[in-house]
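Q: Everything below, folded, please.
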Amino acid sequence: MQIIDHINKLEVFVTYNPPTDGGSGGGVFKSFKSKLFGGKKTEQLTDAVLIQIYQKALNGNSKEKVLVAEGSGSWLEYVQFNGKVYWTIDDEKPEWLMVNDAARVEPSLLEFLLPSDS
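A: Numbering: from 1, shown residues only. Modelled structure (predicted):
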């Protein structure tokens with residue numbers, strides 16, 4: 001999936017279930033063996049995600065871009081960028097604020113609640 005932010009000149013590529021080398025090696029021999037024996041390739045689906053954020057060149061050249069941040073993780077567990085974890089499934093989630101719960105809501109937040117929020 002590709003997301004483009006024209007205002008900030010950012011381009012994001014999100015890859016779900018990115019390919020992995022599997023760490024098994026093999027190179028040419030593995031490729032030859034696969035072709036020779038016609039092994040049916042079955043792809044393992046995972047919850048892995050790879051995110052790459054690029055900044056388009058500021059000089060006007062639309063083809064030049066620089067990798068700003070790279071993220072990875074699992075949409076079922078965590079997301080990290082450049083080694084720093086920004087979200088985990090175990091993070092606390094705040095309760096939804098409702099207009100009907102005005103007694104529980106800080107007065108400064110009441111102005112942000114809409115009647116449709118009830």
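Q: which element follows the worst-scoring helix or strand of the chain on mean pLDDT toward the C-terminus?
A: Least confident helix or strand, the chain: helix 27-37 with a mean of 54, by mean pLDDT, DSSP states H and E. Counting by DSSP states H and E, the next helix or strand C-terminal to helix 27-37 is strand 48-56.
Q: Contacts for that next one, please.
A: The contact list for strand 48-56 (Cβ atoms under 8 Å, 6 or more residues apart in numbering) reads 9-18, 62, 64-75, 79, 81. Placement of C-beta: from N, CA and C, glycine included.
Q: Write a PyMOL command that selects only the buried members of those residues.
A: Restricted to buried positions by 16 or more other Cβ atoms under 10 Å, the PyMOL selection for the contacts of strand 48-56 reads:
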select buried, resi 10+11+12+71+72+73+79+81
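Q: Contact partners for residue 67?
A: Taking Cβ under 8 Å, 6+ apart, we find residue 67 in contact with 52-54.
Q: Weed out the non-buried ones from these.
A: Buried members of those, counted by 16+ other Cβ under 10 Å: 53-54.
Q: can the contacts of residue 67 go into a markdown table with extra columns for pLDDT?
A: Shown next, in a markdown table, are the contacts of residue 67 (pLDDT from 0 to 100):
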| residue | pLDDT |
| --- | --- |
| 52 | 95 |
| 53 | 94 |
| 54 | 94 |
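Q: Good, wrapping up.
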